[in-house]
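Participant: Quick one, what's the 3D model for this:
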Amino acid sequence: MSETVAAIDRDGFTILRNACSAELVESLRASLPPVEGAGLRGLRMKHPIVDKVFLQPAIESTITAVLGDRYRCVRSILFDKRPGSNWLVPPHRDMTICVEKRIETAGFGPWSVKDGIPHVQPPDDILDRMLTIRLHLDKTTSDSGALRVWPGSHAKPDQDWDRAESVLCEAEAGDVLLMRPRIVHASSKSTLERPRRIVHLELAADELPNGLCWYESA
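Facilitator: I've put the predicted structure just below:
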């Protein structure tokens, strides 16, 4: 466990192989609906079965080792790259959070609205106490748009990432990629005629200040 936590601190990511049982993967495949557009948001609120992911021993123990036992899930999305719903993601960092309503707060900004939900960039220390889980429901390879990450970039300033060393995170169904939001990551379009479904869960260790509330929290 100490090696896993050290990898997340040092590299900004790690992969847990076979972290989710085959039974739960099959249940999620059967229960979750087809994805239209770029992703199905508010996934946990619509499909509570997703919360079973947090009960998988390897996932639960890693989360608590990194964030403590008072963490909460603050965003949940189902992604699926497939024919008719396919996109290229250039190198970027996940720098915004979703909140229930806009409250002007020192250190928070700029603001935006996406799908009717207020989004804001919080201070870096809040992002640095968050962790993203990406559970693969299908085999994911370079041909199906596997995520590419730049190790250590979560703690580095922006640069020409095309010249920096990156890692392609290929995975089998049931594998989990854990990463810090500020790690630089990207993905290519899928060239395959099969789904590439990812359950994307963002976790936070802290409450927000000044009356701000996470849009999705439990």
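
Participant: what bridges to the residue nearest the centre of the chain?
Facilitator: With distances taken as Cα atoms, centre = their mean, T132 lies nearest the centre of the chain, 3.7 Å away. Beta bridges link T132 to M179, E202, judged by DSSP bridges.

Participant: Unless I misread the structure, H200 falls within a strand.
Facilitator: Yes: checked against DSSP: H, G, I helix; E, B strand; the rest coil, H200 lies within a strand.

Participant: and it, how many neighbours?
Facilitator: Using other Cβ atoms under 10 Å, the number of residues around H200 comes to 19. The way it works is simple: take the backbone N, C-alpha and C, and place the C-beta from them, glycine included.

Participant: same check, this time on the one 3 residues further on
Facilitator: L203 sits with 21 neighbouring residues when counted by other Cβ under 10 Å.

Participant: where does it land on pLDDT?
Facilitator: The per-residue pLDDT reported for L203 equals 98.

Participant: What of A218?
Facilitator: With respect to pLDDT, A218 has a value of 54.

Participant: Against L32, how distant is P195?
Facilitator: Separation of P195 from L32 (Cβ to Cβ, to the nearest Å) stands at 11 Å.

Participant: overlap in contacts of those two?
Facilitator: Common neighbours of P195 and L32, counting by Cβ atoms under 8 Å, 6 or more residues apart in numbering, are L137.

Participant: Please report phi then psi for D11.
Facilitator: phi -100, psi -20 (degrees, to the nearest 10).

Participant: Spatially, which residue comes closest to it, not counting chain neighbours?
Facilitator: Nearest residue to D11, sequence neighbours excluded (Cβ to Cβ, 6 or more residues apart in numbering): P151, at 4.2 Å.
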